[in-house]
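**Q** dropping a prediction and its sequence here:
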Amino acid sequence: MYVMHNSEYPLSCFALFENGPCLIADTNFDVLMVKLKGFFQSAKASKIETRGTRYQYCDFLVKVGTVTMGPSARGISVEVEYGPCVVASDCWSLLLEFLQSFLGSHTPGPPTVFGNRHDAVYGPADTMIQYMELFNKIRKQQQVPVAGIR
């Protein structure tokens, strides 16, 4: 289980299970998890976060952040939201065109969260699932050793 927070929803706490549901609770969920410490073991050095800047361009909301794991930067995240659309698959081509305008050939394909839910309303849990997928990819990356010059 992954416990996640999002600054866009400061009063919510998200508990995501691998290949399972996403529970949305209030911020007191963290207190409950501390009280259940005897039943759950916290993973060592597993804190990973993204911090960055939020930009608004017309109806688009763009968040660019640095993904850090411990003290080191591990990657960059780019989140794009098109405000007027609540069914993300309906405006995927528009999002793709917008992303290509500044990411070029590095534009990703459709998120896996769209998988079975083509006509479903997109919500905060879907965003958190995408962040969990990104963080898991970053965790699995091998640390590239830096060659020292002597």
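**A** Received, thanks.

**Q** in this protein, which spans are helices?
**A** 29-35, 92-103, 124-140 (DSSP state H).

**Q** what about Arg15, how many neighbours?
**A** No Arg there; residue 15 is Ala. By other CB atoms under 10 Å, 19 other residues sit near Ala15. Using the backbone N, CA and C atoms, a C-beta is placed for each residue, glycine as well.

**Q** that one and Trp92, how far apart?
**A** Between Ala15 and Trp92 the distance is 28 Å, computed by CB to CB, to the nearest Å.

**Q** so who does the residue most central in space within the chain touch?
**A** Most central in the chain under CA atoms, centre = their mean is Tyr131, positioned 1.7 Å from the mean C-alpha point. Shown in contact with Tyr131 (CB atoms under 8 Å, 6 or more residues apart in numbering): Met4, Asn6, Thr50, Ser77.

**Q** okay, the third one and Val86: tell me how far apart.
**A** Distance of Thr50 to Val86, given as CB to CB: 24 Å.

**Q** neighbour-wise, which of those two wins?
**A** Legend: neighbour count by other CB under 10 Å for Thr50 and Val86, higher for Thr50 (22 against 12).

**Q** beta partners of that one?
**A** For Thr50, the beta-bridge partners are Val67 (DSSP bridges).

**Q** surely it touches Thr66?
**A** Yes. Here Thr50 reaches Thr66: they are 6.7 Å apart, a contact under CB atoms under 8 Å.

**Q** PyMOL command for the buried members of the contacts of Tyr131?
**A** A single PyMOL command selects the buried members of those (16 or more other CB atoms under 10 Å):
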select buried, resi 4+50+77
